[in-house]
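[1] Sequence and predicted model, in that order:
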Amino acid sequence: QVQLMESGGGSVQSGGSLRLSCTYTTSSDCMGWFRQTPGAEREAVAHIERDGRTFYADSVKGRFTISQEYAKNTLYLQMNDLKPEDTAMYFCAEERFTICTTSPEHVAYWGQGTQVTVSS
């Protein structure tokens, strides 16, 4: 049974930073972060393939960095220069396929989520 558990969420002021962590039992070839606000669809934030190739939503490019530490079975999302519009529940995810699609439809496993709140 694959399990993912996020941590590191919290409340920060605009311009602040947070680092999310996701510990997992096994890794797929594509790991990623999604976020969701009430009433909205879950959207892709950042993804990383096993060879280190990364993908970012346009809204977070240059501010967020995804990384993976295989020795610790942990996925990270470093979030800098946070904005109020980054406020959301953030989910760690494992995709089904070898190559990232960044689509929530192709996620095999989800974490339970961690809340990020950015105040202006």
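    Yes, it's here.

[2] Can you check what pLDDT the model gives Glu94?
    Model confidence at Glu94, expressed as pLDDT, equals 97.

[3] beta partners of it?
    Beta-bridge partners of Glu94, counted by DSSP bridges, are Met31, Tyr109.

[4] if I pick it, what's in contact with it?
    Residues in contact with Glu94 (Cβ atoms under 8 Å, 6 or more residues apart in numbering) are Val2, Leu4, Tyr24, Ser27, Ser28, Cys30, Met31, Val107, Ala108, Tyr109. (Glycine included, C-beta is placed from N, CA and C.)

[5] so can I have a markdown table of the residues you listed showing distance to Gln13?
    Formatted as a markdown table, the contacts of Glu94 follow (distance: Cβ to Cβ, whole Å):
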| residue | distance to Gln13 |
| --- | --- |
| Val2 | 35 |
| Leu4 | 28 |
| Tyr24 | 30 |
| Ser27 | 33 |
| Ser28 | 35 |
| Cys30 | 33 |
| Met31 | 29 |
| Val107 | 31 |
| Ala108 | 36 |
| Tyr109 | 33 |
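
[6] Buried members of the residues you listed into ChimeraX, please.
    Listed next is the ChimeraX selection for buried residues among the contacts of Glu94, using 16 or more other Cβ atoms under 10 Å:
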select :4,24,27,28,30,31,107,109
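
[7] Need the three-state assignment for the residue most central in space within the chain.
    The centroid of the chain falls nearest to Trp33 when counting by Cα atoms, centre = their mean (2.1 Å). Secondary structure for Trp33, judged by DSSP: H, G, I helix; E, B strand; the rest coil, is strand.
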